[in-house]
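[1] I'd like to go over a predicted model; first the sequence, then the structure.
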Amino acid sequence: MILGFVAYLLWGAFPLYFAFLDSVSPIEIVAHRVIWSLVFIALVLTVAREWNSIRKAANPRTIRLLTFAALFLSVNWLVYVYAISVDEVVQASLGYFMNPLISVALGVIVLKERMRRGQWVAIGIAVIAVVILTINYGGIPWIALILGFSFGLYGLLKKQAGVASLPSLMIETVALFLPALIILTVGEFSGEAAFVVDGWWISVLLVLLGPVTALPLLAFGGAANRIPLSTLGVIQYTTPIMQFLLGVFVFGEVMTTGLWIGFILVWIALVIFTVDELRHAKNNSRLEGLEVADPT
């Protein structure tokens, strides 16, 4: 459970880190995240002597799924960094609040899964919340929706790939390496890149994006293998709660009445969703216990 909290606390604190990189363009930040994450993961694989796990996982189907997953992850990173740069941390938090509901919807649409009554109620309330927020924003809250759907699709593809977190992350960053390298090279030659040019402090922060990006992902992978998914599902709200609090109390974003109504509806939907998930997990555990106890 500690690993789960570490992962979500680190993700929740990301706005504070990216605020120091306000002078750097979002696309350059994402490119550096890819490059330095690849370097860091390669070091971890070398120290842990886990390179064989890459060879075992690297079949054509897995590479294809994780390449698409990496594309959705890069979109998520880009929009998230952009949201922080334009003072939309609160709307970014909304995207991650909505992510569990979006994941369920994707499971129904893509995997043909059946939704329970509680899930239908939660998603219905969330849809009403999006309508209210759209009216309040004067347009569709696209930052929240893109963040929610891109991370939901990323998780869906990762689930279909069925690869452990470390080799999966390595394959994903390799898939993004060449585009990231091109972006940084063009930026350096055109004089628009911040690396080195903007001073040693910015350069150090960009290099540290490697471990800053990879460590919570590795902690999350470790937690997912050790604690029930229902528990992990509750802990995941740590990240958007922290983002919301940072947006309101640190970055000074204004919460209008319409925003409060929309967010409260989303929170109500999440309470219904979480209670339904926990009840379902408890019922499944009880049934499994009965099956084990049955001598027949």
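    Thanks, I have the structure now.

[2] Tell me who's in contact with residue 141.
    Listed by C-beta atoms under 8 Å, 6 or more residues apart in numbering, the contact partners of residue 141 are 91, 94, 130, 133-134. Every residue, glycine included, has its C-beta placed from N, CA and C.

[3] change it to 10 Å
    Counting by C-beta atoms under 10 Å, 6 or more residues apart in numbering, residue 141 makes contact with 88, 91, 94-95, 98, 129-130, 133-134, 147-148, 259, 262.

[4] any chance of those residues in TSV, plus pLDDT and neighbour count?
    As requested, these are arranged in TSV below (pLDDT from 0 to 100; neighbours: other C-beta atoms under 10 Å):
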residue	pLDDT	neighbour count
88	95	22
91	94	23
94	93	28
95	92	28
98	89	27
129	93	24
130	91	19
133	92	23
134	92	16
147	94	28
148	91	26
259	93	20
262	93	26
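
[5] Return the member of these nearest to residue 277.
    Of all the contacts of residue 141, residue 98 has the smallest distance to residue 277: 15.2 Å, by C-beta to C-beta.

[6] Endpoints of stretch 46-53, how far apart?
    11 Å (C-alpha to C-alpha, to the nearest Å).

[7] out of the contacts of residue 141, which are inside helices?
    Members of the contacts of residue 141 lying in helices (criterion: DSSP state H): 91, 94-95, 98, 129-130, 133-134, 147-148, 259, 262.

[8] any idea which of these is closest to residue 184?
    Within the set of the ones in helices among the contacts of residue 141, residue 147 lies nearest residue 184; the separation is 24.0 Å, counting by C-beta to C-beta.

[9] Could you find the closest non-adjacent residue to the closest one?
    In space, residue 147 comes closest to residue 95 once its chain neighbours are excluded; the distance is 3.0 Å by C-beta to C-beta, 6 or more residues apart in numbering.

[10] Could you work out the end-to-end span of stretch 75-94 for me?
    Taking C-alpha to C-alpha as the measure, stretch 75-94 stretches 17 Å from start to finish.

[11] Just the buried residues of it, please?
    75-85, 88-94 (16 or more other C-beta atoms under 10 Å).

[12] what does stretch 58-74 give?
    62-63, 65-74.

[13] repeat for stretch 106-124
    Of the residues in stretch 106-124, those buried under the neighbour-count criterion (16+ other C-beta under 10 Å) are 106-107, 118-119, 121-123.

[14] List of residues touching it?
    Taking C-beta under 10 Å, 6+ apart as the criterion, the residues outside stretch 106-124 that touch it are 98, 100-102, 104-105, 149, 152-153, 155-157, 159-160, 266, 268-277, 279-280.

[15] Only the buried subset of the residues you listed, as a PyMOL command please.
    PyMOL command restricting the contacts of stretch 106-124 to the buried ones, with burial defined by 16+ other C-beta under 10 Å:
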select buried, resi 98+100+101+102+104+105+149+152+153+155+156+157+160+266+268+269+270+272+273+274+276+277
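
[16] Among the contacts of stretch 106-124, which ones are in helices?
    Cross-referencing these against helices under DSSP H gives 98, 100-102, 104-105, 149, 152-153, 155-157, 159-160, 266, 268-277, 279-280.

[17] Figure out the length between the terminal residues of stretch 113-121.
    So stretch 113-121: terminal residues 16 Å apart, C-alpha to C-alpha.

[18] next one: stretch 21-30
    Distances were taken as C-alpha to C-alpha; on that basis the terminal residues of stretch 21-30 are 12 Å apart.

[19] list the buried ones in that stretch?
    Buried residues in stretch 21-30, counting neighbours by 16+ other C-beta under 10 Å, are found at 21, 24-30.

[20] Identify the farthest-apart pair in these.
    By the measure C-beta to C-beta, 21 and 27 form the most distant pair in the buried residues of stretch 21-30, at 12.2 Å.

[21] Show me the common contact partners of those two, please.
    By C-beta under 10 Å, 6+ apart, residue 21 and residue 27 have these common neighbours: residue 81.

[22] so residue 37 makes contact with residue 209?
    Yes. When contacts are counted by C-beta atoms under 10 Å, residue 37 is listed as touching residue 209 (7.2 Å).
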